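**Q** need a 3D model of the following:
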Amino acid sequence: MTEIVEETLCELRQTFKSGKTKSVAWRKTQLNALRQLVKDNEEKVFEALYQDLGKHPIESYRDEVGVVVKTINHTLSNLDKWVAPTKGKLPLLFFPTRGEVLPEPLGVVLIFASWNFPISLALDPVIGAIAAGNAVVLKPSDQAPACSSLIAKTIPQYMDPKAVRIIEGGPQICEKLLQHKWDKIFFTGSPQVGRVVMTAAAKHLTPVTLELGGKCPVILDSLSNPSDLKVAIKRIVSGKWGPCSGQACIGIDYMLVEEKLAPTVIELLKKTMKSFYTESPKDANCMARIVNKHHFQRVQNLLKDPLVEASIVHGGSLDEENLFIEPIILLDPPLDAAIMNEEIFGPLLPVITLKNIQESIEFINERPKPLTIYAFTKDENFKKKILSETSSGSVTFNDVLIQFLCDDLPFGGVGSSGFGRYHGKFSFDTFSHEKAVLRAGFFPELEARYPPWNNFKMTFIKLAYDLDYFGLFLLLVGLKRF
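**A** The predicted structure follows:
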C-alpha cells in the first residue's frame with residue numbers, strides 16, 4: 001500500500017508540474033464531467049446511500065446530489081472571475097507602481113471525506129480543489145463502503161485519472177497517506193481524528209483545513225405569535241432528526257428554553273414528530289439509520305446513566321438489529337452526564353430549561369465553541385447579544401441548516417469545532433495561494449530612500465508614511481535630488 005500511495009503522489013506531482021491543471025479550460029472540463037457523473041449515476045447514488053445509511057431518495061437528493069450539482073453550477077458561473085487577478089491598492093508614493101493579487105493553485109491536495117454525507121462531503125471539497133487548479137487525492141470514508149466504492153468506480157470514468165485519484169481504505173491507509181507531504185490537507189470528521197491529522201501535517205508544515213463538529217445549541221425564545229412557535233418547532237424537528245437522523249455536524253445537539261415554555265415546547269415537538277415520522281418512525285422510511293454498530297452502541301451508551309434515562313419524556317425505542325433509534329427527547333438530563341459533554345451525533349434531543357432565556361449566552365460560553373448556534377427570537381437586542389457575546393462558526397436566526405446551502409457564506413468552525421472555511425468562492429480560496437505581485441518601473445527614483453542620511457530625508461520619510469498625498473506631492477515636484 002505504501003508503494004501505491006508513493007506512486008500516486010509521484011504521478012500527481014508530475015501532472016501538476018506539467019501545468020495541465022492550471023488551465024481554466026481543463027478545470028471547467030473536470031467540473032462539467034463531475035456534474036455529469038452525478039446526474040448519470042443519480043439512482044446508483046440513492047441506492048448506495050440507502051445501503052450505507054438508510055437514507056430516503058428525497059433526503060439523498062436534498063443533502064447530497066442536489067448540493068453537489070448546485071455547487072458545481074455556482075462554481076462554473078463564477079470561475080472566470082475568481083481566477084482573474086485582483087488589483088491591489090498601493091501607496092500613492094509608489095506611483096506609477098502597480099500591484100495585484102494572483103490566485104494560484106497549491107499543488108497536490110489530500111481530502112478526507114466523512115461518512116454521514118459520504119457523497120456531498122467528499123465531492124464538495126473536490127469541486128473547490130479542482131476549481132483552484134490542484135491535483136487531488138480523495139479518501140472516501142470506509143464507514144460508508146457502498147458510497148466509497150461508487151466514487152472509486154465512477155470518478156476515473158469521468159475525470160482525468162492523472163490529476164484526480166481515489167484511494168479507499170480504513171485507518172491504516174489514512175496513516176500511510178498522512179506520512180507523506182501534501183500541499184494541503186482538507187479533513188471532515190471528529191475532533192479526535194482531526195488532532196491526529198493536524199499532528200501528522202505539522203511534521204511537513206502542511207496547511208490544514210479541519211471541518212469538525214461540536215455541540216450545536218438551539219435557543220428558543222418566547223415567541224408571542226403561536227404560528228411563529230409552530231414554524232420554529234417544525235424547523236427544529238427537521239434540523240434535529242431530518243439530516244441523517246441527527247448524524248450531522250451542523251445538526252441541533254441540544255435545546256435551551258425557558259422553564260415556563262418547556263411543557264408547551266415538548267408537546268409541540270411530539271406532535272410535529274408524529275406528523276413527520278408517524279407513530280412508527282422506523283416504518284415511515286423517512287429517517288436514516290445509525291451508520292454502524294459501533295456508533296449505535298456509542299449513542300446507546302449515552303442513555304445508560306440512570307439519571308439520563310429518567311429524563312426521557314418521549315421515545316426510547318432502540319433496534320440494534322436494524323441500527324435504528326427512534327427520536328428521543330430528554331428533559332433536563334444531568335449537565336455533567338456524557339450526553340451533555342460529548343457530541344451526540346444521533347437522534348437524541350436534550351431540552352435544557354433556564355429561568356430566563358438570556359442565560360443561554362452564559363450556558364453556551366461555559367462550553368467549547370460550537371460549529372453553529374441556532375436562535376429563534378424576534379428580540380433584536382437579544383440577537384445583538386448572541387452575536388457579540390458568543391463565539392461560533394456561524395449563527396443562524398429563526399431557521400436551521402440552510403446556512404450550509406448558501407455558497408456566498410463561508411462554512412467552517414472556530415476553536416474545537418475546526419478552522420478554515422469553504423463553500424463557493426471560499427472553497428476556491430481554501431485551495432489557492434493568493435500571490436502578491438508588484439510591478440515597478442525605473443522612474444521616478446526617490447533618492448530619499450537611500451543613504452547617506454540627513455534631516456531632510458528623515459522628515460521626508462516620516463511625512464511619506466503619515467501623509468500619503470504629501471509623499472506623492474514631493475514626488476511630483478521632483479525632490480529626488482535630496
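
**Q** what does the domain assignment say about this structure?
**A** 2-212+422-434, 217-412, 442-481 (automatic domain parsing).

**Q** now the end-to-end length of the second one.
**A** Looking back up the chat, that one is domain 217-412. Criterion CA to CA, to the nearest Å; first-to-last residue distance in domain 217-412 is 16 Å.

**Q** re the thing from before, would you mind giving the domains of the chain as a markdown table with mean neighbour count and mean pLDDT added?
**A** Yep, even glycine has a C-beta here, placed from its N, CA and C like the rest. Shown next, in a markdown table, are those (neighbours: other CB atoms under 10 Å; pLDDT from 0 to 100):
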| stretch | mean neighbour count | mean pLDDT |
| --- | --- | --- |
| domain 2-212+422-434 | 19 | 96 |
| domain 217-412 | 18 | 95 |
| domain 442-481 | 13 | 74 |
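
**Q** so where does Lys385 fall, helix or strand?
**A** Secondary structure assigned from DSSP states H and E places Lys385 in helix 380-389.

**Q** Gln157 now?
**A** Per DSSP H and E, Gln157 falls inside helix 145-158.

**Q** other SSEs contacting that helix?
**A** Helix 145-158 sits against helix 24-40, helix 42-53, helix 120-131, strand 164-166, with contacts defined as 3 or more CB pairs under 8 Å, 6 or more residues apart in numbering; DSSP states H and E.

**Q** touching the helix or strand just after the shortest one from outside, list them.
**A** Counting by DSSP H and E, the next helix or strand C-terminal to strand 164-166 is helix 171-178. Applying CB atoms under 8 Å, 6 or more residues apart in numbering, the external contacts of helix 171-178 come out as 1-2, 5, 110, 112, 137, 139, 167, 185, 196-197, 200-201.

**Q** now swap in stretch 221-238 and tell me
**A** In contact with stretch 221-238 (CB under 8 Å, 6+ apart) are residues 218, 220, 252, 255, 258, 261, 264-265, 268-269, 272-273, 276, 357, 374-379, 382, 398-401.

**Q** also stretch 259-269?
**A** 220, 222, 229-230, 233, 236-237, 255, 257, 313-314, 329, 331, 349, 351, 353-355.

**Q** ok, the first helix or strand past the helix holding Lys385 going along the chain: who's next to it in the sheet?
**A** Counting by DSSP H and E, the next helix or strand C-terminal to helix 380-389 is strand 394-397. Here strand 394-397 has these sheet partners by DSSP bridges: strand 372-376 (parallel).

**Q** on that earlier part again, between the helices and strands packed on helix 145-158, which one is nearest to Leu210?
**A** helix 120-131 (12.0 Å; CB to CB).

**Q** same for that closest one, what does it pack against?
**A** helix 24-40, helix 66-83, strand 108-112, strand 135-139, helix 145-158, strand 184-188, helix 425-430.

**Q** 7 Å - rerun?
**A** Helices and strands touching helix 120-131, by 3 or more CB pairs under 7 Å, 6 or more residues apart in numbering; DSSP states H and E, are helix 24-40, helix 66-83, strand 108-112, strand 135-139, helix 425-430.

**Q** just how off-centre is the second one within its chain?
**A** Right, the one you point to is helix 66-83. Computed by CA atoms, centre = their mean, to the nearest Å, the separation of helix 66-83 from the middle of its chain amounts to 17 Å.

**Q** what lies in contact with that helix?
**A** 24, 27-28, 31, 34-35, 38, 103, 119-120, 123-124, 127, 131, 405, 407, 424-425, 428 (CB atoms under 7 Å, 6 or more residues apart in numbering).

**Q** next one: the third one
**A** Surrounding strand 108-112, the residues in contact under the criterion CB under 7 Å, 6+ apart are 9, 12-13, 16, 125-126, 129, 134-139, 177, 182-189, 431.

**Q** please redo it, this time with the cut-off set to 8 Å
**A** Contacts of strand 108-112 (CB under 8 Å, 6+ apart): 9, 12-13, 16, 122, 125-126, 129, 134-139, 174, 177, 182-189, 197, 431.

**Q** I'd like the contacts of helix 171-178 laid out as TSV, including distance to Asp160.
**A** Shown next, in TSV, are the contacts of helix 171-178 (distance: CB to CB, whole Å):
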residue	distance to Asp160
Met1	23
Thr2	24
Val5	19
Leu110	17
Phe112	21
Val137	13
Lys139	18
Ile167	16
Ile185	21
Val196	30
Val197	26
Ala200	27
Ala201	26
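
**Q** report the two of the residues you listed separated the most.
**A** Longest span within the contacts of helix 171-178, CB to CB: Met1 and Ala201, 19.8 Å.

**Q** can you flag which of the contacts of stretch 221-238 belong to helices?
**A** 264-265, 268-269, 272-273, 276, 382 (DSSP state H).

**Q** now the two most distant members of the residues you listed.
**A** Among these, Phe276 and Phe382 lie farthest apart (CB to CB), at 28.4 Å.

**Q** ok, now which ones touch Thr188?
**A** 112-114, 121, 125, 211-212, 249.

**Q** repeat that with 6 Å
**A** With contact set as CB atoms under 6 Å, 6 or more residues apart in numbering, Thr188 has these partners: 114, 121, 211.

**Q** right, I'll call it a day here.
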